[in-house]
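Peer 1: predicted model, plus sequence, below.
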Amino acid sequence: MNTVSDIFESVVARSGDAPAVVFGDIVVDYAELNESANRLARRLMAAGVGPDSLVAVAVPRSARLIIAVLAVLKAGGAYLPLDPSYPTERLAHMVVDARPVLLLRTEDVSSLRLDVPEVVLDDASFEAACAQERSDDIAADERPVPLHPDHLMYVIYTSGSTGVPKGVAVSHAGVADLVSTQQRLYGVGPGERVLQWASFSFDAWFWDFALALLNGATLVMAEQHALMPGESLRETMLKYDIDHAVLPPVALGVTESEGLLVGGTITSTGDVCTRSLAEEWSRGRRLFNAYGPTEVTVGTSIGGPIEGVQEEVTVGTPWDGAAVYVLDEGLQDRRDGQEGELFLAGTGVARGYLNRPGLTAATFVADPYGPPGSRMYRSGDRGRVAADGELYFTGRIDNQVKVRGFRIELGEIEARLESHPAVEIVVAVVGGDDVASEHIVAYVKTSARHEVSEAQLREYARGSLPEHMVPSSIVVLEHVPTLLNGKVDRKALAERAVRTAPGRTGTDGASPRAVAAATSYEEVLCGMVRETLQVDEAGPQDNFFDLGGHSMLAAKLVSRIRKELGVTVPMRSMFEAGTLAELAQVVEQAEQAEQA
């Protein structure tokens, strides 16, 4: 039982009437989920899907998304996740590059115009055809060739250092060890609830999927606005009585921990878990800290449960079937506490980059410490291993960064902006003085022959970059600082981006609520926005997101409003308000409602 369908079907045999997926008021049990996936899988096989076939899936968060993924895997295929919120240009690149045999979508995802045969899952005639299919498990002889662990499971695209996103091809080979690790550390099972937080486009989504559905627990899904870090996320976890959640540190930092996941587990991943976060989130629940890039099956090492305050938070030890080496430039082992590059090996190592043999050969190299013929992935991460075998992540050795938990190649952002006819030079760096305020700043030198505004450049970036990669701030420079050798002085620009220039609220020591009563909510809110976004100007007619805000900073602002003004503002209002003046009205109305 080494493929996803094998493991899932064994769980169904034990937990048929237990709830498998919850989405709003919809509850689907294991038997129903399995039967629906089997029917759809047979329709997919009739359309030519089999082992190593790639199927694009563009379905919003829903039980239907889970059915679609299971059906693709049961048919023997691999899924290519397409987040409908991503720019069409980026989705089109992924489809052209990956060449899937089929696209699965729903009627509400109608804006995609991709040159690939498609199936509309909620089309009435297609649903009727599915209903006529058998609902029993797919037999081995129904597939054109037997399904093995070495067959492809999914392809997930990551940011590319050359400006072109690259698809990571992952097989089923690491799934059994992933589930074994989950069972050993978490002991999750029937009756427990796992939050599905990560975007479908990221491999952490598969961790949530596996933690629930390959262990007999319940996967709890919700609309995106209900998962926004801060009060919305907190309310969702309380509403659904969540037992297990995986969240990046930036989300933990703006979400109050009190009363959440009591007796359950929280796993921090995607970025550095600080001492203060570890101290807060280890109380009342088990806290784990995980590490692993997309080029392995979700992860490769995990530490915990973390107890009390630690000088540094470890990323633990390799999980089942995995190995992590700390090597120098000559690939010599550095198990002496010195820093080196982290090389990842074991069952979870990906096949490589889809249709990129040269890049694959350069980064997936022979493993001199493993069995003959085995490979290891050159991560580009720095780290060290302590005498007790615990691993520590210490940074990057290249131009890849992590912002709000997203692994980003700054080169891809630069390449997009460089393609604008008015742009001559681009340097993208990370700004902000703490994890929650981290953001991308792009410094640009434009051509004298063209006129272009910063707002126009941000909109141009949105044409092909997902929102988490769009610079929060684009600064047009007359002169770009250089080193003596003529190269751009990236360090100087990075230091400039980190320096803060917060605006003033004019409170003069008075409480924000008192100031709001004496002046206006608009003035106080604009001051809070200036400080949160670290911008010099923010007026009533400005839009929070046009000023450089993003979801994590929105959550930080909502948390500050609640703490300083005593007013709870729904996260949805942050996105619905067109201007700060409109948001101030929401704050004032909420305050009046609470006093009534």
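Peer 2: Sure, I can see it. Residues are numbered from 1 along each chain as shown.
Peer 1: mind saving the C-alpha coords of the longest strand anywhere in the chain as PDB?
Peer 2: Taking DSSP state E as the criterion, the chain has its longest strand at strand 375-385. The C-alpha trace of strand 375-385 is given here as PDB (Å, rounded to 0.1, in the frame of the first residue of the first chain):
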ATOM      1  CA  ARG A 375      20.000  11.000  -5.500                       C
ATOM      2  CA  MET A 376      19.900  14.000  -3.200                       C
ATOM      3  CA  TYR A 377      18.500  17.500  -3.700                       C
ATOM      4  CA  ARG A 378      20.800  20.500  -3.400                       C
ATOM      5  CA  SER A 379      18.500  22.900  -1.500                       C
ATOM      6  CA  GLY A 380      20.400  26.100  -1.500                       C
ATOM      7  CA  ASP A 381      19.600  26.400   2.200                       C
ATOM      8  CA  ARG A 382      22.200  26.900   4.900                       C
ATOM      9  CA  GLY A 383      22.100  24.900   8.100                       C
ATOM     10  CA  ARG A 384      24.000  23.000  10.800                       C
ATOM     11  CA  VAL A 385      23.500  19.800  12.800                       C
END
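Peer 1: just checking: what are the partner strands of that strand?
Peer 2: Pairing partners of strand 375-385, with direction, according to DSSP bridges: strand 340-346 (antiparallel), strand 364-366 (antiparallel), strand 391-396 (antiparallel).
Peer 1: where do the strands sit along the stretch 101-250 of the chain?
Peer 2: Secondary structure of the stretch 101-250 of the chain (DSSP state E, counting those that start in this stretch): strands located at 102-105, 118-120, 152-158, 166-171, 193-195, 218-221, 244-247.
Peer 1: now swap in the stretch 301-450 of the chain and tell me
Peer 2: Applying DSSP E, counting those that start in this stretch to the stretch 301-450 of the chain gives strands spanning 301-303, 317-318, 322-327, 340-346, 352-353, 364-366, 375-385, 391-396, 400-403, 406-409, 423-431, 439-446.
Peer 1: packing partners of the fifth one?
Peer 2: With contacts taken as 3 or more CB pairs under 8 Å, 6 or more residues apart in numbering; DSSP states H and E, strand 352-353 sits against strand 166-171, helix 357-363. Using the backbone N, CA and C atoms, a C-beta is placed for each residue, glycine as well.
Peer 1: just to revisit the earlier point, in a markdown table: the strands of the stretch 101-250 of the chain, plus mean neighbour count and mean pLDDT.
Peer 2: As requested, these are arranged in a markdown table below (neighbours: other CB atoms under 10 Å; pLDDT from 0 to 100):
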| stretch | mean neighbour count | mean pLDDT |
| --- | --- | --- |
| strand 102-105 | 23 | 96 |
| strand 118-120 | 16 | 94 |
| strand 152-158 | 24 | 96 |
| strand 166-171 | 24 | 97 |
| strand 193-195 | 25 | 98 |
| strand 218-221 | 24 | 98 |
| strand 244-247 | 25 | 96 |
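Peer 1: ok so, going back, ok, which of the strands of the stretch 301-450 of the chain comes nearest residue 44?
Peer 2: Ranking the strands of the stretch 301-450 of the chain by their distance to residue 44 (criterion: CB to CB) puts strand 352-353 first, at 25.4 Å.
Peer 1: pass me the low-pLDDT residue ranges in the chain, would you?
Peer 2: Scanning the chain for pLDDT under 70 picks out 1, 160-163, 308-311, 399, 433-436, 482-487, 499-520, 594-596.
Peer 1: tell me how it divides into domains.
Peer 2: Per the record's domain assignment (automatic domain parsing), the chain is made up of the domains 4-221, 326-396, 400-498, 512-595.
Peer 1: mind checking which of those is nearest residue 287?
Peer 2: Nearest to residue 287 among the domains of the chain is domain 4-221 (11.7 Å), distances taken as CB to CB.
Peer 1: kindly check the end-to-end length of the closest one for me.
Peer 2: Taking CA to CA, to the nearest Å as the measure, domain 4-221 stretches 20 Å from start to finish.
Peer 1: go on, stretch 400-408?
Peer 2: End to end - CA to CA - stretch 400-408 spans 6 Å.
Peer 1: what comes into contact with it?
Peer 2: 158-159, 161, 248-251, 269-272, 293-294, 380, 409-410, 430, 435, 438-440, 468-469, 550-552 (CB atoms under 8 Å, 6 or more residues apart in numbering).
Peer 1: quick revisit: with mean neighbour count and distance to residue 580 as extra columns, can I get the strands paired with strand 375-385 in CSV?
Peer 2: What follows is the strands paired with strand 375-385, written out as CSV (neighbours: other CB atoms under 10 Å; distance: least, CB to CB, whole Å):
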stretch, mean neighbour count, distance to residue 580
strand 340-346, 24, 44
strand 364-366, 15, 49
strand 391-396, 17, 36
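Peer 1: next, the angle from the longest strand of the chain to strand 166-171.
Peer 2: Put simply, strand 375-385 runs at 100 degrees to strand 166-171, going by axes from the mean of the first three to the mean of the last three CA atoms, to 10 degrees.
Peer 1: hang on, the earlier thing: could you dump the strands paired with strand 375-385 into CSV and include distance to residue 524?
Peer 2: As requested, those are arranged in CSV below (distance: least, CB to CB, whole Å):
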stretch, distance to residue 524
strand 340-346, 46
strand 364-366, 54
strand 391-396, 39
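Peer 1: nearest to residue 166, of these?
Peer 2: Residue 166 lies closest to strand 364-366 among the strands paired with strand 375-385, at 12.3 Å (CB to CB).
Peer 1: distance between that closest one and the chain's centre?
Peer 2: Between the mean C-alpha location of strand 364-366 and the chain-wide mean there is a distance of 26 Å, by CA atoms, centre = their mean, to the nearest Å.
Peer 1: quick one: contacts of it?
Peer 2: Strand 364-366 is touched from outside by 295, 343, 349, 350, 352, 374, 375, 376, 377, 378, with contacts defined as CB under 8 Å, 6+ apart.
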